[in-house]
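[1] Build me a model from this:
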Amino acid sequence: MKTGTLYLIPTILADDTAAQVLPPQVATQVAALRCFLVENARTARRFIKSVAPQHVIEELQVSVIDKDSTEAQIQAALQPVRAGQDAGVISEAGCPGIADPGAELARAAHQLGIRVVPLVGPSSLLLALMASGMNGQSFTFHGYLPIERARRAAAIKQLERLAQAQHQTQLFIETPYRNMQLLDDLLSQLSGGTRLCIAASLTAPNEYVRTDTIAGWRKAGRPEIHKQPAVFLIGT
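    Have a look, this model is predicted:
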């Protein structure tokens, strides 16, 4: 039996930006699918309706696969695709599989011999790296740094050492309501000559991207990025 295809469907980073950041192929593919494997059912349904309004949401098969999903749940979610039905993977924001539970679906699909097709769309990590002016040939994404202050300070120092020793850009994120606390720690722990990029609210009307040395940031003062989705980058 021929398997279906698993489409990795990018979604928006900021509200009401689909027309600006998604190519027509995304809407066409969403309209053609009836089965979706999603990180968050509510936001996925809203996105589906926004790009494919002809869909009757109640008639779609929507299964949630998130960071807490088990291997058995991942296998069960892919069963319709094994049986020949095409399906789409939709992340909470941006591109599935990039720092995202969609990677587990793609991994399992490859193991099952299912074709995996990535569609073009916005990735906050790639956009931040593009705009930062930092090394785009060697970089690492670390996810979230420790919450506890002493451990976070140690992690920041370690990222700075990696950036300096390997000329490698270090990317990380924070829960938006803790952005300012993280920024305080970055400005206090990093050396004056180290470069820091803050890329906040990417693709939104209030998008903010700036790279400067830590000395420059200290002189200019902190930007107001409280509760804004942001990517932080350290480089040399």
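
[2] can we go C-alpha only for contacts and neighbour counts from here?
    Noted.

[3] Next up, the contacts around residue 204.
    By Cα atoms under 8 Å, 6 or more residues apart in numbering, the contact set of residue 204 is 13, 14, 15, 17.

[4] can you list those in CSV and add pLDDT and distance to residue 127?
    Shown next, in CSV, are the contacts of residue 204 (pLDDT from 0 to 100; distance: Cα to Cα, whole Å):
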residue, pLDDT, distance to residue 127
13, 96, 11
14, 96, 13
15, 93, 17
17, 95, 15
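
[5] Going through the residues you listed, which ones are buried?
    The neighbour-count test (16 or more other Cα atoms under 10 Å) marks 13, 14 as buried among these.

[6] Please flag which of the contacts of residue 204 sit within strands.
    Cross-referencing these against strands under DSSP state E gives no overlap.

[7] Name the pair among the contacts of residue 204 with the greatest separation in space.
    13 and 17 (7.9 Å; Cα to Cα).

[8] Tell me the helices and strands packed up against the helix ranked longest in the chain.
    Taking DSSP state H as the criterion, the chain has its longest helix at helix 149-166. Helix 149-166 is packed against strand 169-173, helix 179-189, strand 230-235, with contacts defined by 3 or more Cα pairs under 8 Å, 6 or more residues apart in numbering; DSSP states H and E.

[9] contacting residues around the residue most central in space within the chain?
    Nearest to the mean C-alpha position of the chain, counting by Cα atoms, centre = their mean, stands residue 94 at 5.1 Å. Taking Cα under 8 Å, 6+ apart, we find residue 94 in contact with 10, 11, 12, 13, 121, 122, 123, 124.

[10] Residue 51 now?
    Contact partners of residue 51, counting by Cα under 8 Å, 6+ apart, are 18, 27, 30, 31.

[11] Check the residues you listed against residue 186 and report the nearest one.
    Taking Cα to Cα as the measure, residue 186 sits nearest to residue 18 out of the contacts of residue 51, at 33.2 Å.

[12] what about the residue lying closest to that closest one once chain neighbours are set aside, neighbour count?
    Closest residue in space to residue 18, ignoring its immediate chain neighbours: residue 12 at 6.0 Å, by Cα to Cα, 6 or more residues apart in numbering. By the criterion of other Cα atoms under 10 Å, residue 12 has 25 neighbours.

[13] Looks like residue 12 contacts residue 90 (just checking).
    No - if you go by Cα atoms under 8 Å, residue 12 and residue 90 don't touch, sitting 10.4 Å apart.

[14] can I see the domain layout of this structure?
    Per the record, the chain has its domains at 5-118, 124-235, by automatic domain parsing.

[15] Show me where this structure has its helices.
    Using DSSP H, helices in the chain cover 18-21, 24-32, 41-51, 71-77, 79-82, 102-111, 124-132, 149-166, 179-189, 214-220.

[16] Could I get the buried residue list for the second one?
    In terms of neighbour count (16+ other Cα under 10 Å), helix 24-32 has its buried residues at 26, 27, 29, 30, 31.

[17] if we can go back for a sec, between the contacts of residue 51, which is nearest residue 207?
    Among these, and counting by Cα to Cα, the member closest to residue 207 is residue 18, at 15.5 Å.

[18] Cool, thanks, talk later.
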